[in-house]
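> Mind looking at a prediction? Sequence and model below.
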Amino acid sequence: MNCNKVLSLIGLSTKAGKIVSGEFSTEKAVKTGKAWLVIVSAEASDNTKKKFHNMCTYYEVPCYDFGGKEELGRAMGKEFRASLAVTDENLAAAMEKQLKSE
């Protein structure tokens, strides 16, 4: 159930222009302090997951493994997405609440 809520929030955030996706953009958002939450696909490579978890720990940004690449991409109306960053504090808080209760 919460899975659908998270995907809906990702879709909403995308429409609002409050999400960046793809490895390069996600990394940039975290390093420039714009990211409030990072979601890495559960299907992403171990190397990618480790990279984002370490980076997010350093920059104190919550980071979650969630969903498949295709699932995340579809929620955003795009192709496969292995990583995305939410750049709005309130949307990130709503998503994190759902991710924590999974």
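Cool, got the structure. Numbers count the residues shown, from 1 in each chain.

> show me the residues around the most centrally placed residue in the chain that make contact.
Among the residues of the chain, the one closest to the centroid is Ile39, at 2.6 Å (C-alpha atoms, centre = their mean). By C-beta atoms under 8 Å, 6 or more residues apart in numbering, Ile39 lies in contact with 10, 63-67, 72, 83-86, 95, 99. In short, each C-beta sits where N, CA and C put it, glycine included.

> go again using 7 Å as the cut-off
64, 66, 72, 84 (C-beta atoms under 7 Å, 6 or more residues apart in numbering).

> Buried subset of the residues you listed, written for ChimeraX?
Those of the contacts of Ile39 that count as buried under 16 or more other C-beta atoms under 10 Å are selected in ChimeraX with:
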select :64,66,72,84
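
> Quickly find the element holding the residue nearest to the centre of the chain.
strand 37-40 (DSSP states H and E).

> gap between that strand and the chain center?
3 Å (C-alpha atoms, centre = their mean, to the nearest Å).

> What's the mean pLDDT across it?
Taken as a whole, strand 37-40 carries a mean pLDDT of 98.

> residue contacts, Leu72?
10, 39, 41, 81, 84.

> Take the contacts of Ile39 and keep only those in strands.
Using DSSP state E, the subset of those located in strands is 64, 84.

> Need the contacts of Ile39 in CSV (columns: pLDDT and distance to Leu91).
CSV is the format used below for these (pLDDT from 0 to 100; distance: C-beta to C-beta, whole Å):
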residue, pLDDT, distance to Leu91
Tyr64, 97, 14
Phe66, 96, 15
Leu72, 96, 15
Leu84, 97, 12
